[in-house]
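>>> Sequence and computational prediction follow.
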Amino acid sequence: MSLIVHKYGGTSMGSTERISNVAKRVAKWARAGHQMVVVPSAMSGETNRLLGLAKELAPSSLTDAYYRELDMLAATGEQASSALLAIALQAQGLESVSYAGWQVPIRTNSAYTKARIESIDDQRVRADLAEGKVVIVTGFQGLDDLGNITTLGRGGSDTSAVAVAAAMKADECLIYTDVDGVYTTDPRVVPEARRLQTVSFEEMLEMASMGSKVLQIRSVEFAGKYKVKLRVLSSFTPWDIDIVEEAKSGTLITFEEDENMEQAIVSGIAFTRDETKISVLGVPDKPGVAYQILGAVADANVEVDMIIQNISKDGKTDFSFTVNHGDYAKTMDLLKNTVVPKLGAQEVVGDTKICKVSIVGIGMRSHVGVASTMFRVLSEEGINIQMISTSEIKTSVVIDEKYMELAVKALHKAFGLDQAPVR
Ligand code: ADP
Ligand code: ASP
Ligand code: MG
């Protein structure tokens, strides 16, 4: 008997009809003799709807007290869908029970709206499984040390599922979503994108961290740390397809390079509009400036991504970096009110109309000139590059958001991703 974790995303849980289909699929797996833990997201649109209500009431609130209530509010989406799924499973004749994050409990730190899972107590879930129940664990939420409800950041149900699979040493974690696997790029933007049968853990990690929202980055980190067998597949196949065929479908995240792996130099293209650029202008160019700016930002629990410092002129320099959209107002506030006056800088300006486009591939390690091909393709399209960052297996650029689709399509074609790689 295997222990299997299924995760169903918002679209897959989007209506009572779909929830009923999920229940039928899960029942098929349970009846095949597997112990089943299921982690659902909120019904599609629900998290946005709830957060939108909060914004209507307090459009510019940035306090910790406000973020606490956002989590209290957003967590209800998953609580509702979990109970509905348990009811749908009971209607299929199975015993099923659902638990909110605090009931398991799934313990997190207190970083509201982007909390990190610290531990999961699996006793209660194991006891139910032993009694033959299908256990539903709410995605996206947890509990901090003081008993406050927290959420794990947008797309966080993926992380809940993989963390539960890791804590319970599940045999496999299947992420059911509205596409049938991981593609060379988002198939909704580039119809020629190809599904990958396997993708290496390292590439998946870069793709997710560069904005491919098919998996939340922390879910990939958990899978890597605890070697969780992870597969992304479609929830829109007929629920009664052959279980053996279903178990082989989609995309498997692999931890070892095997000779059957597709050996492209660039395996995928990720992009995101979720970042904003902040520039502190006219900063006195002296030691400690980067620390004074970025240290203050880090203390406010804001993650910084790309960083660039210009050559100084007349003892002054400009310092730019990118942060997530969600942290933009808070970071601007902090810089304007404390850091800029303290540093004696001229001003701080923000640009929300940027995007980041990245090429990812482990083949980049052993090939030179990949980044320069990227820059050539962008220049041929007349696209100006504002920032660049590289790692061994990726190159990212920040460009004007209006060129995002053009850039992704041109790069996808230039790196031959629309065609199966030659072995
Ligand atoms: P869920 O609600 O199931 O968690 P998400 O919307 O979070 O689903 O993630 C699935 C979506 O990710 C797809 O609909 C697709 O548009 C997008 N996506 C982005 N990049 C990729 C990629 N490389 N491969 C597949 N899907 C991708
Ligand atoms: N419901 C949450 C969101 O919309 C979590 C998730 O779907 O994974 O971000
Ligand atoms: Mg998701």
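Cool, the structure landed. Since this is a predicted model, take the numbers as computed values, not measurements. Numbering: from 1, shown residues only. Ligands and ions are numbered 1, 2, ... in the order given.

>>> Any idea how far apart the tips of stretch 335-355 sit?
22 Å (CA to CA, to the nearest Å).

>>> What is the distance between it and the centre of its chain?
Relative to its parent chain, stretch 335-355 has a centroid offset of 28 Å by CA atoms, centre = their mean, to the nearest Å.

>>> Same question for stretch 333-351.
Distance, stretch centre to chain centre, for stretch 333-351: 30 Å (CA atoms, centre = their mean).

>>> What residues of it count as buried?
334, 335, 339, 340, 343, 345, 348, 350, 351 (16 or more other CB atoms under 10 Å). C-betas here are computed from N, CA, C, even on glycine.

>>> Now render these as TSV, adding secondary structure.
Putting these into TSV (DSSP: H, G, I helix; E, B strand; the rest coil) gives the following:
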residue	secondary structure
334	helix
335	helix
339	helix
340	helix
343	helix
345	coil
348	strand
350	strand
351	strand
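
>>> Number of residues surrounding residue 97?
19 (other CB atoms under 10 Å).

>>> ok, it touching residue 86?
Yes - with contact defined as CB atoms under 8 Å, residue 97 counts as touching residue 86 (6.1 Å).

>>> Residue 5: which of the buried residues of stretch 333-351 is nearest?
residue 334 (39.0 Å; CB to CB).

>>> Can you name the residues that contact that closest one?
By CB atoms under 8 Å, 6 or more residues apart in numbering, the contact list for residue 334 reads 296, 297, 300.

>>> ok, now how distant is the residue lying closest to residue 169 once chain neighbours are set aside from ligand 1?
Excluding the flanking residues, the one nearest residue 169 by CB to CB, 6 or more residues apart in numbering is residue 3, at 7.4 Å. With distances taken as CB to the nearest ligand atom, to the nearest Å, residue 3 is found 22 Å from ligand 1.

>>> Please work out how many residues are found near residue 3.
17.

>>> what's the answer for the one 5 residues further on, then?
By the other CB under 10 Å criterion, the neighbourhood of residue 8 contains 28 residues.

>>> just checking, residue 326 touches residue 111?
No - between residue 326 and residue 111 there is no contact under CB under 8 Å: 11.9 Å.

>>> so what sits against both of the two?
Between them, residue 326 and residue 111 share no contacting residue, judged by CB under 8 Å, 6+ apart.

>>> one step back: where neighbours are concerned, which of the contacts of residue 334 has the most?
residue 297 (21 neighbours).

>>> Return the subset of the contacts of residue 334 lying in helices.
In helices, defined here by DSSP state H, the members of those are 296, 297.

>>> Check the gap between residue 135 and residue 31 for me.
Counting by CB to CB, to the nearest Å, the gap between residue 135 and residue 31 amounts to 16 Å.

>>> Next: residue 38.
In this view, residue 38 and residue 31 are 14 Å apart by CB to CB.

>>> Low-confidence stretches in the chain?
When residues are selected by pLDDT under 70, those of the chain lie in 257-263, 422-423.

>>> ok, residue 89 touching residue 26?
Yes - at 6.4 Å, residue 89 and residue 26 qualify as touching, with contact defined as CB under 8 Å.
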